[in-house]
Every structure is written in structure tokens, then in C-alpha cells.
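Student: based on what follows, work out the 3D shape:
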Amino acid sequence: MIGISRGVLAGVVAVLLVAVSLAAATGSGATTRPNAATTLRSALALTPRTALPGEDVYASFRGSSLPRGTTLRSVKINWGDGTRPVVLHKLAASPKHRYAYAGHYTVRATVTDSKGKSATSSRAEKVVVQDVYWDLFWAGSSDYQLEYSKLPLTAKSTDTSISGSLDNGLRCTSGMAVDEKHRLWVISYPSGCSAPSPAEIQVFSLPLNPSSTPVFTLTLPGAGDVDNLTFDRKGNAWVEDAYNKQVYEFPAPFTDNTTLVPSLTLSLPNMTPSGLALDSKGDLFVSNVTSKSTRSIAMYRAPFSEVSVPTFLKGLIAPGGLTFDTHGDLYASSNPSNGKGAAIVRYNAAALKPGAKPSVVDKAGLKGIPYEANFAWDASGNLYVADCGSVANVRAYPLATRSFTSKLSPSVTHRDAAFNTSECAWGLAIG
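Tutor: Residues are numbered from 1 along each chain as shown. Here you go, the predicted structure:
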């Protein structure tokens, strides 16, 4: 599941026998230092480096330079997909493009100076097709057990709904995740939604369609209230159980119908788990839905044992899902029962220490009484949220092209007829 886009700064270095000089070009002309000798250079950066069909890809020529005494004639960008090249007349320009199809493309930028000399640079752009999946927490019917839509998601995206059946085993669906083999795992309760109940995990090959059936079913031991799951870097599955206040590790591989046996059981003292996530070092983070600002997120440092004792991050009310970006920053939520002060938050990687409060608190654009049950990342680095609150929806935050700040509103809030019929969005996955 994927991060926040960062700027790319490049310099132009000319090495001489007795001196080194640096110059950067901006606008339509070049700026140089006295006695500096600069060379013609084309620089190109693309954001995001992996995109979805129909998503904006931005180009930057920052770092390009012109020789002293010349001006810019043109900068031409060829997007590599057969569309007409774009000719611009400012190095400060930031053109954008949308690819129609998945594939690997070579983008080229050619800078031409006033004397007719040119320099060309190139960058690779990958375009992938992804779907976003969510389930609708709905105990009264087999309808709307799971829905999905093509990315990029919009407010008016067309959704495909899947009802529960004996063939697909979907009932009272809960958390979900996509594993390293590109399979969708969906927690389901075949005996009903009241906790404690026996739970199963239905594992589907992707892409999904309305007639898909599981490639195999994993039966969880005992009875409980299993809401969320995730995977570590070895492919082991981690599952939280809110009823029994435990987290289980189930060892890979997973290849056939079986009853899972945990290799590790962590008992969670004085808390009720909801979301869980592992960082790149293998440390485990578990949100505490009963938190009233202290003991908000339990941190277990690897290696674990059944007697491991967590430390805690604080500052959240009833946090739900958890996720890490590629920089090691942790995203979570605060969900007061009256909705006042509800927020998406980020703990910066360097701040993940006992007693730490969120580094960034973003309340912008939240409505009603939200409960952020789960997070997921698309291939570009945009963050998606499943809201199981009073105004149930799936939202997207444009972190592929914008920084996460205290004033960043979601770029998309998606609701369909199923949200009006069912209770809320809970599980969320992208693949």
C-alpha cells in the first residue's frame, strides 16, 4: 500500500583547471556570477514518478542553465506517448500531462538557446492501473459487502458493488489488505456480526469482478472481533482482535484453505486495538480506540515476544486506522465522539518516541462525526481514508503533489447510494 512528494533541486557544476563556478537559469534568461562560465544544460523532473491513467503528471525544468550571453529560445517537452510535443518559453514553466494508458514512457525535455544550440534530458515515467476497494459495514443484509472503483477516484466515480453469497463467503465484512502477491484479503464473519464471532479471511486474486470467488479461505482461531490486518516485510500476517484485546502474528506462506495458528500472541494491557501498522524496521504500532489522549498508539519494538511491553504515543481521541508513508512518517486520526476537533494527523518519523504528540494535525474538510477506520496509498503517493462516521465516505488527500499540512483538505470526497443504505466504510485497500 505508498508517500509524500518532495522537490528535486539540481545544480550545474562546471569544473575548470583553477576554479569551480555554479549558475542556475530561471525565467527566460540566464543569471551568472562575475567571470563564471556556464554551459547549456537541460534538467527535467517529473511528479509523481509513478502515475495513474488520467492523473496529472507535472514537469519541472529547475536546474537547467544557459551559457553566459544567451537567452532562452524554447524548451520543448515530449511526453513519450505519441501526443504532440509542447513548446514553452520559460524555464520556470511547470507543464502537466495526463496519460491515457498504463505503460512505461520516456519523457524528453530539449532546451534551445538564442544561438540555436540545444541540450536534451530524459526521465522515465511509469503509469499503472489500480482499483480502490472498500467494504461497507452493514449487518442487516448481504448487499454491499464490498465495492470498488478505478483510480484516480472522483466524487462521481462509478462503483461496482459485490453482494455476499455462499460462493464468495462475504458477510459482515471488516478490514482488508493487499498482500505482496497482489491478492486481496477480506475479513468476513460467516456466523453473523455480533462479537464475539468466528471470523474468516477470504483471499481473492486481483483484479476483482462481481463473480470472483476466493482462491482460498483462512479460518481464524476462536471467536472475537477482528477488524484489521496488515503484513510485515516477510509476508507474515498481523491481525488485531478488539474483543480479546490481542494482536496475532500468522506466519507465511499462505497457499490453501487452512485454520491459522498464531506464531505470536501479544496481549494489549488496558487498551482496545483498532488499527495496526509495521514500519520498515519491523516495529509494530497499534491504535487504542479507547484512548482519551494518553496511551493513543502502542509501540512494540522488534524483536517481539509474548512478554513484550509497549510504550505509547499520545494526543489522540479514539484513533482508528494507521499507516506509514515511504519516509517512515506515521498517519493516524483523532475521532472525538461529538466530532469537534476530529483530525487526520501525522507523527514525523523522528518524533516516534514515547509520549510524543502528533507533529501535524489536519482538521480541514472533515464533516459530521468522522471515524477514520482505515488508510491506503495509491501508486502515486496519494492517501485514501475510509470514514466510518456519520457522513460515511472514502476520501483522497493529494500527497503525491502536495505536502501534508494543518490546512490540507481532501481533494476528493466520494459517496454513492450504498453509503446511504449501509452504515459506513470500514476496510480499505488499493491494488
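Student: of all residues in the protein, which one is nearest the centre?
Tutor: Central residue of the chain (Cα atoms, centre = their mean): Trp377, 1.6 Å from the mean position.
Student: that one against Leu428, yeah?
Tutor: No - between Trp377 and Leu428 there is no contact, the gap being 10.3 Å when judged by Cβ atoms under 8 Å. Yep, even glycine has a C-beta here, placed from its N, CA and C like the rest.
Student: so what sits against both of the two?
Tutor: Counting by Cβ atoms under 8 Å, 6 or more residues apart in numbering, the shared contacts of Trp377 and Leu428 are Tyr384.
Student: mind checking which helix or strand Thr294 is in?
Tutor: Using DSSP states H and E, Thr294 sits in no helix or strand.
Student: need the pLDDT of it.
Tutor: Thr294 carries a pLDDT value of 94.
Student: look up the closest residue to it, ignoring the ones flanking it.
Tutor: Nearest non-adjacent residue to Thr294, counting by Cβ to Cβ, 6 or more residues apart in numbering: Lys314, 4.9 Å away.
Student: spit out the contact partners of that neighbour.
Tutor: Counting by Cβ under 8 Å, 6+ apart, Lys314 has contacts 291, 293-296, 355-357.
Student: whichever of these end up buried, select them in ChimeraX.
Tutor: In ChimeraX, this line selects whichever of the contacts of Lys314 come out buried by 16 or more other Cβ atoms under 10 Å:
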select :291,295,296,356
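Student: using a markdown table, lay out the contacts of Lys314 together with distance to Asp279.
Tutor: Putting these into a markdown table (distance: Cβ to Cβ, whole Å) gives the following:
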| residue | distance to Asp279 |
| --- | --- |
| Ser291 | 20 |
| Ser293 | 23 |
| Thr294 | 22 |
| Arg295 | 19 |
| Ser296 | 17 |
| Gly355 | 18 |
| Ala356 | 14 |
| Lys357 | 18 |
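Student: for stretch 207-215, what is the average pLDDT?
Tutor: 96.
Student: check which residues of it are buried.
Tutor: 208, 212, 214-215.
Student: going by distance to Asp159, which of these wins?
Tutor: Relative to Asp159, the closest of the buried residues of stretch 207-215 is Leu208; by Cβ to Cβ it sits at 12.1 Å.
Student: residues contacting the closest residue to the closest one other than its chain neighbours?
Tutor: In space, and not counting its chain neighbours, Leu208 is closest to Tyr148: 5.9 Å by Cβ to Cβ, 6+ apart. Contacts for Tyr148 (Cβ under 8 Å, 6+ apart) come out as 131-134, 159-160, 162, 208.
Student: same question, His182
Tutor: For His182, the contact set (Cβ under 8 Å, 6+ apart) comprises 205-206, 431.
Student: just the buried ones out of the residues you listed, please.
Tutor: For those, buried by 16+ other Cβ under 10 Å: 206, 431.
Student: show me what contacts the nearest residue to Lys292 once chain neighbours are set aside?
Tutor: Once flanking residues are discounted, Lys292 sits nearest to Ile317: 6.2 Å by Cβ to Cβ, 6+ apart. With contact taken as Cβ under 8 Å, 6+ apart, Ile317 is in contact with 291-293, 334-337, 341.
Student: possible to save those residues as TSV with secondary structure and distance to Lys117?
Tutor: Shown next, in TSV, are those (DSSP: H, G, I helix; E, B strand; the rest coil; distance: Cβ to Cβ, whole Å):
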residue	secondary structure	distance to Lys117
Ser291	coil	63
Lys292	strand	67
Ser293	coil	63
Ser334	strand	57
Asn335	coil	60
Pro336	coil	62
Ser337	coil	67
Gly341	coil	59
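Student: report the two of the contacts of Tyr148 separated the most.
Tutor: Spanning the widest gap among those are Val132 and Ile162, at 13.9 Å by Cβ to Cβ.
Student: residues contacting the residue nearest to Leu136 when sequence neighbours are not counted?
Tutor: Closest residue in space to Leu136, ignoring its immediate chain neighbours: Ser422 at 3.9 Å, by Cβ to Cβ, 6+ apart. Residues in contact with Ser422 (Cβ under 8 Å, 6+ apart) are 136-138, 143-144, 392.
Student: circling back: ok, the residue nearest to Lys292 to Asp387 distance?
Tutor: 16 Å (Cβ to Cβ, to the nearest Å).
Student: and Val129, by the same measure?
Tutor: Relative to Asp387, and taking Cβ to Cβ, Val129 is found at 25 Å.
Student: so between the two, which is more surrounded?
Tutor: Asp387 (33 against 13; other Cβ atoms under 10 Å).
Student: C-alpha coordinates for stretch 230-242, PDB please?
Tutor: Extracted in PDB, the C-alpha atoms of stretch 230-242 (Å, rounded to 0.1, in the frame of the first residue of the first chain):
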ATOM      1  CA  THR A 230      -1.600  -5.900   7.800                       C
ATOM      2  CA  PHE A 231       1.600  -7.600   6.600                       C
ATOM      3  CA  ASP A 232       5.300  -7.400   7.500                       C
ATOM      4  CA  ARG A 233       8.200  -7.400   5.100                       C
ATOM      5  CA  LYS A 234       8.400 -11.200   5.300                       C
ATOM      6  CA  GLY A 235       4.800 -11.600   4.200                       C
ATOM      7  CA  ASN A 236       3.600 -12.700   7.700                       C
ATOM      8  CA  ALA A 237       0.000 -11.500   8.500                       C
ATOM      9  CA  TRP A 238      -0.800  -9.500  11.600                       C
ATOM     10  CA  VAL A 239      -4.400  -9.300  12.800                       C
ATOM     11  CA  GLU A 240      -5.900  -7.400  15.700                       C
ATOM     12  CA  ASP A 241      -8.800  -8.600  17.900                       C
ATOM     13  CA  ALA A 242     -10.700  -5.900  19.700                       C
END
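Student: other residues contacting it?
Tutor: Taking Cβ under 8 Å, 6+ apart as the rule, stretch 230-242 contacts 177, 179-180, 185, 187, 195, 220, 224-229, 246-254, 260, 263, 272-278, 280, 282, 284, 286, 289.
Student: okay, now the domains of this protein?
Tutor: Using automatic domain parsing, the domain parsing of the chain gives 13-127, 131-430.
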